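In: Below is the structure, and that's it, no one-letter string:
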């Protein structure tokens, strides 16, 4: 039979291990939250960039902001004449 001191030290060791596990899990949650925040920021930046590119494409398809070479090409001249 174990003495009370041995039982107390065993219980204390068990609680310490559980406490360490809880701290490790909480630390993991914090890292996960930071990573999720990082990904959200990245998604926002990509959405802004995508919006800018779509606007550029829309302007290009209208006929504005086309390369200078296009205006000097035969295609543009034929279209201009009708």
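Out: Looks like it came in fine. Quick caveat: nothing in here was measured; it's all calculated off a predicted structure.

In: Longest helix in this protein, by number of residues?
Out: If you go by DSSP state H, the chain has its longest helix at helix 4-62.

In: For this structure, which element, helix or strand, carries the lowest mean pLDDT?
Out: Lowest mean confidence among the helices and strands of the chain (mean pLDDT, DSSP states H and E): helix 74-81, at a mean of 53.

In: what about residue 40, how many residues close to it?
Out: Each residue near residue 40 was counted by other C-beta atoms under 10 Å, and the total is 10. To be clear about C-beta, it is placed using only N, CA and C from the backbone, and glycine gets the same treatment.

In: any low-confidence regions in this protein?
Out: Along the chain, the model assigns pLDDT under 70 to residues 1-2, 58-82.

In: Apply 80 and report the result again.
Out: Low-confidence segments of the chain, defined by pLDDT under 80: 1-5, 7, 22, 24-30, 54-82.

In: Which positions within stretch 8-16 qualify as buried?
Out: For stretch 8-16, burial by neighbour count (16 or more other C-beta atoms under 10 Å) applies to no residue.

In: Quick check: the gap between residue 32 and residue 9.
Out: Going from residue 32 to residue 9 by C-beta to C-beta, to the nearest Å gives 35 Å.

In: same thing with residue 39?
Out: Computed as C-beta to C-beta, the residue 39 to residue 9 distance reads 45 Å.
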